[in-house]
Structures are given as structure tokens and as C-alpha cells.
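In: Next come a sequence and a model predicted from it.
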Amino acid sequence: MKAGEAGSDEEWRQRVKVETDIAAQGNGFKHGVLHIGEPSHFSCPDCGGAMVQIKEGSLVRFKCHTGHGFSPGTLLNEMQEITEKKLWQSVRSLEEFIMLFNLTSDNLAQAGNTHAAAKFKVKAEAATVSANTLRAYIFEHLFKRDSAQQESGA
């Protein structure tokens, strides 16, 4: 029997003790959470910590070394929300680049440096294309995600 799979009564009691200790005292690492499952390829969406995958019969769940726990559906939703937030932060960052490139271009043009001003205008245009592309991707992604979630019942 592999770590992380439902096993003997003693293994089950040990896992329950570890998880109860984590819930009561909040220190998953200290209480051995990394030993109650197989290492997962995913990081915790709440804290970024390492997670284990715990199999109990046909059920699978995830727990990080600090004690956060997730079902596969909850983990998927959390990862999607974080990804969406980071994508919107990227749009914001690109738009700030656009504003700064345009401001720099205007200042250079007023100072008579039209060659350098033109270079910053080109950078602003490229950043605009990137921001628009990313924004379009987000809207397409969100639509597909919402449709997929409705179909799966997540």
C-alpha cells in the first residue's frame, strides 16, 4: 500500500491524528502532513506550499504542508481564480507601460528628440497589442471556463 492511500486501521488512525493535530494547532509540517500522502505536482493556491495527494478509496484530496486542504474541484477553482487575477495584473502592468512609454515619448518630442520619441511610440504600440491580446485571451478563457464548470457541475 502506498502512502496516501487508504490502508489498515492503524494507518487510518495515524492519518486522522495528524489531520486533527493540524486542525487544532495549525502546524501541518510539524505534525507530518507530508507523510500522509504522495507528493503532488501542485502547489497550494493559498500559500504556495508543497502539497500531498491523499487517496481514500475512489476519493482524492490535497493537503499542503501548512495545513490547507482541497478537493480536486476546489483546487481547480482556486487555481483558476489565481491565474485570472495574475492575468489581469499583467494587463494592468502592460497598460502602465503604455502610459509611461507615451509620457516618455511626449517628453522627448517636446525636447526636440523626435527619433527617441518615435522609438517609445513604437514600444507603446507593441505593448498595446500585447495588452489587447491578453485581454481577449482572458475573456475567451473565462467564457470557456464558465461553460466547462457548468458542464462538469464544478
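Out: Received it, and whenever you're ready, just let me know what you need. Numbering: from 1, shown residues only.

In: May I ask you to confirm that Lys63 is in contact with Glu38?
Out: No: between Lys63 and Glu38 there is no contact, the gap being 11.3 Å when judged by Cβ atoms under 8 Å. The C-beta positions use only the backbone N, C-alpha and C, and glycine is treated the same way.

In: which one of those two has more residues nearby?
Out: More crowded of Lys63 and Glu38, by other Cβ atoms under 10 Å: Lys63, with 25 against 13.

In: Same question for that one, what's its three-state structure.
Out: Judged by DSSP: H, G, I helix; E, B strand; the rest coil, the three-state class of Lys63 is strand.

In: ok, now how distant is it from Ser43?
Out: 12 Å (Cβ to Cβ, to the nearest Å).

In: list residues touching both of these two?
Out: Met51 (Cβ atoms under 8 Å, 6 or more residues apart in numbering).

In: where do the contact lists of Lys63 and Glu38 overlap?
Out: Residues touching both Lys63 and Glu38 by Cβ under 8 Å, 6+ apart: Val52.

In: which residue ranges form the strands in this protein?
Out: For the chain, the strands defined by DSSP state E cover 38-43, 50-56, 59-64, 69-70.

In: quick one, which of these is nearest to Lys123?
Out: Closest to Lys123 of the strands of the chain is strand 38-43 (Cβ to Cβ; 33.8 Å).

In: now the closest one: mean pLDDT?
Out: On average, the pLDDT along strand 38-43 is 92.

In: what does stretch 72-86 give?
Out: On average, the pLDDT along stretch 72-86 is 93.

In: What are the buried residues along it?
Out: Buried residues in stretch 72-86, defined by neighbour count with 16 or more other Cβ atoms under 10 Å: 75-78, 80.

In: next one: stretch 39-52
Out: By neighbour count on 16+ other Cβ under 10 Å, the buried set for stretch 39-52 is 40, 42, 44-45, 49-52.

In: Of all the helices and strands in this structure, which has the lowest average confidence?
Out: Ranked by mean pLDDT, DSSP states H and E, the weakest helix or strand in the chain is helix 9-25, scoring a mean of 59.

In: So which of the buried residues of stretch 72-86 are in helices?
Out: 75-78, 80 (DSSP state H).

In: for these, which one is nearest Leu59?
Out: Leu75 (13.3 Å).
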